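[1] what's the 3D shape of this:
(one chain, ligands or ions: 2)
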Amino acid sequence: MSSLLLAVPSKGRLEQDTRDAFEKAGLKIDRPGGARSYLGTIEALPEVTVRFLSASEIARELISGKIDLGVTGEDLIHEAAETGINQVVIAKPLNFGQADVVVALPNSWIDVTAMRDLADVASDFRHRHGQWLRVATKYVNLTRRYFSTHGIAEYRIVESLGATEAAPASGAAELIVDITSSGSTLRANELKVPEDGVILKSEANLVASKTANWSEDKKAQLQALLDHFRSGLGDATVSELTA
Ligand SMILES: Nc1ncnc2c1ncn2[C@@H]1O[C@H](COP(=O)(O)OP(=O)(O)OP(=O)(O)O)[C@@H](O)[C@H]1O
Ligand SMILES: O=P(O)(O)OC[C@H]1O[C@H](OP(=O)(O)OP(=O)(O)O)[C@H](O)[C@@H]1O
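    Ligands and ions are numbered 1, 2, ... in the order given. Modelled structure (predicted):
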């Protein structure tokens, strides 16, 4: 019998909330090999194999079909899916991990209140300083797509792996694209979001891979798992999630 491969976050913001959501659905996740083991089990679904991965890795592996089902943020799915999200199905929002991916720029740029103003600034900046406007972010693909939608081409991305909000003050970039929930990090760094600067509203989701190899065994295990989450699942059926 083939085993359904479910990946859950091994660390970071989504880890504990994922365990809690599964436990609430009657699916307690155990780590028989101890806290440092990367394999887990669910007593109520003994055929299912649980793997602990980082949230961003879960997004990548769902898209490539190396795992069947996973819990991760929508932001990470959209970032990892270079050609749109047709390789996965967002099966169920889990009501935690809510945050927005936003464009943010210094409060002192009083003339920039919308993305269309940014297009003018980018062009001006290049003429005045002889260099491209720099955008610090880890969301390289989301940024490219959003800027292109708004007709902004004269910029360059500075890849950032942490403390992105510090980039404008430190001189590493002029503006940023990053995730925010309470907004306090943006405020503390004197950054503002243009009126149409929200790129994506994200939440943690149960996500199914359409590129995975869905045997009948695995579909039956998915059905059993979904049954535990049934309340609030809406009308999604196994065939919709695996077709
Ligand atoms: N305030 C917030 N800041 C950052 N992420 C948040 C916030 N609120 C919810 N999230 C969600 O949590 C995810 C980040 O989770 P986590 O810190 O585990 O990241 P990760 O990408 O797995 O880390 P790594 O970069 O180490 O692989 C975000 O992508 C988003 O979906
Ligand atoms: O809007 P807020 O509530 O202020 O949250 C936003 C901050 O939280 C995240 O950072 P985190 O603390 O996870 O650290 P990281 O930047 O190292 O990922 C994110 O990268 C922002 O910096």
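
[2] pull the longest strand from this structure.
    strand 99-106 (DSSP state E).

[3] which outside residues touch it?
    For strand 99-106, contacts defined as C-beta atoms under 8 Å, 6 or more residues apart in numbering pick out 73, 75, 112, 115, 118, 139, 142, 146, 165, 168, 174-181, 186, 190-194, 197-202. Using the backbone N, CA and C atoms, a C-beta is placed for each residue, glycine as well.

[4] does that strand come close to ligand 2?
    No - Strand 99-106 lies apart from ligand 2 when judged by C-beta under 6 Å from any ligand atom; the minimum separation is 7.0 Å.

[5] for that strand, which strands pair with it and how are they oriented?
    strand 175-180 (antiparallel), strand 191-192 (antiparallel), strand 198-202 (antiparallel) (DSSP bridges).

[6] redo these as a markdown table? Include mean pLDDT, mean neighbour count and distance to ligand 2.
    Shown next, in a markdown table, are the strands paired with strand 99-106 (pLDDT from 0 to 100; neighbours: other C-beta atoms under 10 Å; distance: least, C-beta to the nearest ligand atom, whole Å):
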| stretch | mean pLDDT | mean neighbour count | distance to ligand 2 |
| --- | --- | --- | --- |
| strand 175-180 | 98 | 23 | 4 |
| strand 191-192 | 98 | 23 | 11 |
| strand 198-202 | 97 | 18 | 12 |
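
[7] would you map the strands across the protein?
    Under DSSP E, the chain gives strands at 5-9, 29-30, 39-42, 49-53, 69-73, 88-93, 99-106, 133-137, 155-159, 175-180, 191-192, 198-202, 204-209.

[8] quick one: which of those is nearest ligand 1?
    Nearest to ligand 1 among the strands of the chain is strand 69-73; the distance by C-beta to the nearest ligand atom comes to 2.0 Å.

[9] for the record, mean pLDDT for that closest one?
    When pLDDT is averaged along strand 69-73, the result is 98.

[10] ok, Ser10 - contacts?
    Per C-beta under 8 Å, 6+ apart, neighbours of Ser10: 38, 52-54.
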